[in-house]
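K.L.:
sequence-free structure coming up:
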């Protein structure tokens, strides 16, 4: 069983919609949680980085962690075509463990 | 510009022909790692290095070798590539084992 499970998608939403991405994890030793964004033919880039349970907001992006239920989420408000990418969640103990990724397409 | 570079970006080879994928970072990071990315499986760590001359296995090390003779370089070596090593490979580096900066990727096809 993978340590991080991610909703497989793909997701297709109209421009301006809220995108909701979800992951669950099994490793209680994870101390940090991250969301990476990967555009086609590019390497992943760090989008959000959270340590504790709760919400963290950065512009149109909100990362949410619920350690009691081992659930992590990413919300994208007012989605734009430029948000079309694959989003990867990850947990960190002594190494990063990634979910399989969810491909999001925002239609203009 | 702070970056992780990989070469080559694309490689087609044949079974058994040794190859090396180079990785270099200019951020003076101690921690470097190699991942492979496969559809439905996501990113899986192959090897990592916490500093010069210190390397350790990740989740899928079979068939790969690495070395870390200098801080900035972390080459990935496939001594005898096989078709199941056809994949997209990423090198990453970080100051500590936290936010990792990824290279642009190397797409390898083994025939």
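P.N.:
Structure's in. What do you need? Computed from a predicted structure; not experimentally measured.
K.L.:
and chain A, which residues reach chain B?
P.N.:
With the criterion set to Cβ under 8 Å from any Cβ of the partner chain, chain A comes near chain B through A:2, A:6, A:8, A:32, A:34, A:36, A:41-46, A:49, A:88, A:92, A:94-96, A:98-101. To be clear about C-beta, it is placed using only N, CA and C from the backbone, and glycine gets the same treatment.
K.L.:
now those: which count as buried?
P.N.:
A:2, A:6, A:32, A:34, A:36, A:43-44, A:46, A:49, A:88, A:92, A:95-96, A:98-101 (16 or more other Cβ atoms under 10 Å in any protein chain shown).
K.L.:
which ones among these map onto strands?
P.N.:
A:6, A:32, A:34, A:36, A:46, A:49, A:88, A:92, A:96, A:98 (DSSP state E).
K.L.:
how near is the first one to residue A:36?
P.N.:
Think residue A:6. Separation of residue A:6 from residue A:36 (Cβ to Cβ, to the nearest Å): 11 Å.
K.L.:
what's the overlap in contacts for those two?
P.N.:
With contacts taken as Cβ atoms under 8 Å, 6 or more residues apart in numbering or on different chains, the residues that reach both residue A:6 and residue A:36 are A:88-89.
K.L.:
for chain B, what's its nearest residue on chain A.
P.N.:
Per Cβ to the nearest Cβ, the residue of chain A with the smallest distance to chain B is residue A:43, at 3.4 Å.
K.L.:
need the contact list for that residue.
P.N.:
Contacts of residue A:43 by Cβ under 8 Å, 6+ apart are B:4, B:90, B:92, B:102-105.
K.L.:
among the residues you listed, which ones are buried?
P.N.:
Here, 16+ other Cβ under 10 Å leaves B:4, B:90, B:92, B:102-103, B:105 buried among those.
K.L.:
just the residues you listed: which are in strands?
P.N.:
Per DSSP E, those map to strands at B:4, B:90, B:92, B:102.
K.L.:
show me which of these is closest to residue B:48.
P.N.:
The closest of these to residue B:48 turns out to be residue B:92 (Cβ to Cβ; 8.9 Å).
K.L.:
and the closest one, what are its bridge partners?
P.N.:
Under the criterion DSSP bridges, residue B:92 forms beta bridges with residue B:33, residue B:102.
K.L.:
re earlier: tabulate the ones in strands among the buried ones among the residues of chain A next to chain B (a markdown table), appending pLDDT.
P.N.:
Converted to a markdown table, these look like this (pLDDT from 0 to 100):
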| residue | pLDDT |
| --- | --- |
| A:6 | 93 |
| A:32 | 90 |
| A:34 | 94 |
| A:36 | 96 |
| A:46 | 93 |
| A:49 | 88 |
| A:88 | 96 |
| A:92 | 89 |
| A:96 | 87 |
| A:98 | 92 |
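K.L.:
what is the end-to-end distance of stretch B:34-51?
P.N.:
This stretch, stretch B:34-51, spans 14 Å end to end (Cα to Cα, to the nearest Å).
K.L.:
report the buried residues of that stretch.
P.N.:
For stretch B:34-51, a neighbour-count test (16+ other Cβ under 10 Å) marks B:34-37, B:42-49 as buried.
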